[in-house]
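J.: this one's structure only:
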């Protein structure tokens, strides 16, 4: 498969210690973590490869919401699969941290009169 030739899925899983699943189909890497699902479509663009990320984040609360995110990144040209996996993991980790921070900032403030 194309994506296994581009990304080392085992290395990607090692960089995301709480991952639930890392698989690929054709040109798409699928990564599931407790609070989100990531779909990463990898396509050639000249000498480079482009990764288009689609993420679905779920709030872990009784009335939890769902948020979607999408972004594109250029992968290191000619990089070995382990380096590509490192770049993918870095993008996923940044977005997970951002989502966590945004949830904390949006959390209702408790106190007198609330």
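T.: Received the coordinates, thanks. Computed from a predicted structure; not experimentally measured.
J.: which residue is nearest the middle of the protein?
T.: Most central residue of the chain, judged by C-alpha distance to the mean C-alpha position with CA atoms, centre = their mean, is residue 92 at 3.3 Å.
J.: quick one: it from residue 29, how far?
T.: When distances are taken as CB to CB, to the nearest Å, residue 92 and residue 29 turn out to be 10 Å apart. In short, each C-beta sits where N, CA and C put it, glycine included.
J.: pull up the overlap in contacts between those two.
T.: Residues within reach of residue 92 and of residue 29 at once, by CB atoms under 8 Å, 6 or more residues apart in numbering, are residue 38.
J.: about what we covered before: confidence score at the residue nearest to the centre of the chain?
T.: Looking at residue 92, its pLDDT is 95.
J.: nearest residue to it other than its sequence neighbours?
T.: Taking CB to CB, 6 or more residues apart in numbering, and ignoring the residues beside it in sequence, residue 92 has residue 38 as its nearest neighbour in space, at 5.7 Å.
J.: ditto for residue 89
T.: Of all residues beyond its chain neighbours, the one nearest residue 89 is residue 15 (3.5 Å), with distances taken as CB to CB, 6+ apart.
J.: I'd assumed residue 85 was in contact with the one you found.
T.: Yes - at 6.8 Å, residue 15 counts as touching residue 85 under the criterion of CB atoms under 8 Å.
J.: quick check: neighbours shared by these two?
T.: Contacts common to residue 15 and residue 85, judged by CB under 8 Å, 6+ apart, are absent.
J.: so the residue nearest to residue 92 is in which element?
T.: Here residue 38 is covered by strand 36-45, with elements defined by DSSP states H and E.
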